[in-house]
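Asks: sequence first, then the predicted structure:
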Amino acid sequence: MALATKLVIVIRADLPAASAVNAAAVLALSLGGRLPHPPAADAKDGSGEPHAGLNPHPVPILSATADQLRDLHRTVRADGDLITVAFDEVARRARTYDDYVAALAATPTDEIHYVAVAAYGPRNRITALTKRFPLYAADEPVTAQTDATERKAGLFPAADDRRFSTPANGSERQLLHDMLRAQRNTLKMKCSNVEDDLARRAVPPSTLSLLGLIRHLADVERRWFRQVLAGQHASPLFSSPTHPDGDFDDAVADPAVVAAARRAWHDEVTFADTFIAAADSLDVEGHDSWRGTVSLRWVLVHMIEEYARHNGHADLLRERIDGTIGM
């Protein structure tokens, strides 16, 4: 006899298998205590050995993007006939339940990012809400299913996005510096709220990752502003002549590595901004082993190009992590 109710668990599509198993287990335990009926009766095998009763519902494990999870949770929670439990990044990072409760109380609703959502209720309603989601597959991350119009609209800055709101008719120095700041802030946004996935790499054999981009661009800032223009002896922090790709190859998922990369990038940006503001003019020059004599003007143009190129990489890396586009 077909059941009149349905239970599904929807996992964020990019979540690694071990984390997905953990999320499903947490949700199953959390949802079980909220269901109106206990598990089925105990049963015996052919040898007469008893077996504890199980949940009688099949439990499909589906996958969705971060945005789809948020929308699903909001919709199910608003329906009084449905039951839902969500597992979010706040809970995922907490070491104890008390830590979770305290962190949740300090996190606004729009800053909560869901890892998985469980939903239970009348079969037809649950099916209607989840039928577009594919089965979860750890090696086959999915992205949001949107049409071209929706996707294009999502790529433009939101009305409250202040990155590109600076004057468009200022001095040459101001225009170039403002554009560089906008590109830096774009990278910063791309790398926000995904601390556990910063080191996640692009498709093999590439070692490209968001963390690698932070490390690489810290070294790029350091080279052009400290070494070339300021004339300081400033060797790269994350690469070397014997390991030129260390900025990407050694970008591993270690909290100390992540913290060092963020700190280095911030320090180099601060130095560069101070140098730009204090320079006598855009004609200030330095010597580079690659390009020879370069001006501050050229360096600013090159840095804008450098960030814009790598922000394109960051677009794809971030979308693969949680489906986020635009920003």
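Replies: The structure has been received and is ready for your questions.
Asks: give me the residues contacting stretch 238-252.
Replies: Contact partners of stretch 238-252, identified using C-beta atoms under 8 Å, 6 or more residues apart in numbering, comprise 198-199, 207-209, 211-212, 214-216, 218-219, 236, 257, 261, 264. The way it works is simple: take the backbone N, C-alpha and C, and place the C-beta from them, glycine included.
Asks: what's the end-to-end length of it?
Replies: End-to-end distance for stretch 238-252: 12 Å, by C-alpha to C-alpha, to the nearest Å.
Asks: returning to what we had before: select only the buried ones of the contacts of stretch 238-252 in ChimeraX?
Replies: To isolate the buried subset of those in ChimeraX, counting by 16 or more other C-beta atoms under 10 Å, use the following:
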select :198,199,208,209,211,212,214,215,216,218,219,236,257,261,264
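Asks: which among the contacts of stretch 238-252 gets closest to Leu69?
Replies: Among the contacts of stretch 238-252, Leu198 lies closest to Leu69 (C-beta to C-beta), at 20.1 Å.
Asks: what's near enough to touch Leu104?
Replies: Applying C-beta under 8 Å, 6+ apart to Leu104 gives the contacts 90-91, 112.
Asks: can you list phi and psi of it for me?
Replies: With angles defined as degrees, to the nearest 10, Leu104 shows backbone torsions of phi -60, psi -40.
Asks: okay, and Val257 sits in which element?
Replies: Using DSSP states H and E, the element containing Val257 is helix 255-278.
Asks: tell me what Ser295 is bridged to.
Replies: Under the criterion DSSP bridges, Ser295 forms beta bridges with Glu285.
Asks: that one and Asp280: what is the separation?
Replies: In this structure, Ser295 and Asp280 are 12 Å apart, going by C-beta to C-beta, to the nearest Å.
Asks: likewise for Arg125?
Replies: Using C-beta to C-beta, one gets 69 Å for the distance from Arg125 to Asp280.
Asks: point to the helix or strand of this protein where mean pLDDT is at its lowest.
Replies: Taking mean pLDDT, DSSP states H and E as the measure, the helix or strand of the chain with the lowest value is helix 148-154, at a mean of 48.
Asks: so which elements touch the helix holding Val257?
Replies: Based on contacts counted as 3 or more C-beta pairs under 8 Å, 6 or more residues apart in numbering; DSSP states H and E, the elements that helix 255-278 packs against are helix 172-190, helix 210-221.
Asks: between those helices, which one is closest to Gly48.
Replies: helix 210-221 (56.5 Å).
Asks: could you list the buried residues of the next helix-or-strand element following that closest one?
Replies: Past helix 210-221, heading to the C-terminal end, the next element that is a helix or strand (DSSP H and E) is helix 246-249. Using 16+ other C-beta under 10 Å as the test for burial, helix 246-249 gives 246-248.
Asks: over to stretch 299-308?
Replies: Of the residues in stretch 299-308, those scored as buried under the neighbour-count criterion (16+ other C-beta under 10 Å) are 299-300, 303-304, 306-307.
Asks: where does pLDDT dip in the stretch 1-150 of the chain?
Replies: Counting by pLDDT under 70, the ranges of the stretch 1-150 of the chain that qualify are 1-2, 38-39, 138-150.
Asks: in it, which spans are strands?
Replies: Assigned by DSSP state E, counting those that start in this stretch, the stretch 1-150 of the chain shows strands spanning 5-12, 43-44, 50-51, 61-64, 83-88, 114-122.
Asks: in PDB, list the C-alpha atoms belonging to the last one.
Replies: Taking Å, rounded to 0.1, in the frame of the first residue of the first chain, the C-alpha atoms of strand 114-122 are listed here in PDB:
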ATOM      1  CA  TYR A 114      21.900  25.900   4.200                       C
ATOM      2  CA  VAL A 115      23.800  22.700   3.800                       C
ATOM      3  CA  ALA A 116      20.800  20.400   3.700                       C
ATOM      4  CA  VAL A 117      17.100  20.400   4.200                       C
ATOM      5  CA  ALA A 118      14.700  17.600   5.200                       C
ATOM      6  CA  ALA A 119      11.000  17.800   4.400                       C
ATOM      7  CA  TYR A 120       8.000  15.700   5.400                       C
ATOM      8  CA  GLY A 121       4.300  15.900   4.500                       C
ATOM      9  CA  PRO A 122       1.600  14.900   2.100                       C
END
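Asks: between it and strand 5-12, how big is the angle?
Replies: Interaxial angle of strand 114-122 relative to strand 5-12 (axes from the mean of the first three to the mean of the last three C-alpha atoms, to 10 degrees): 170 degrees.
Asks: strands paired with strand 114-122, and their directions?
Replies: Strand 114-122 has these partner strands in its sheet, going by DSSP bridges: strand 5-12 (antiparallel), strand 83-88 (antiparallel).
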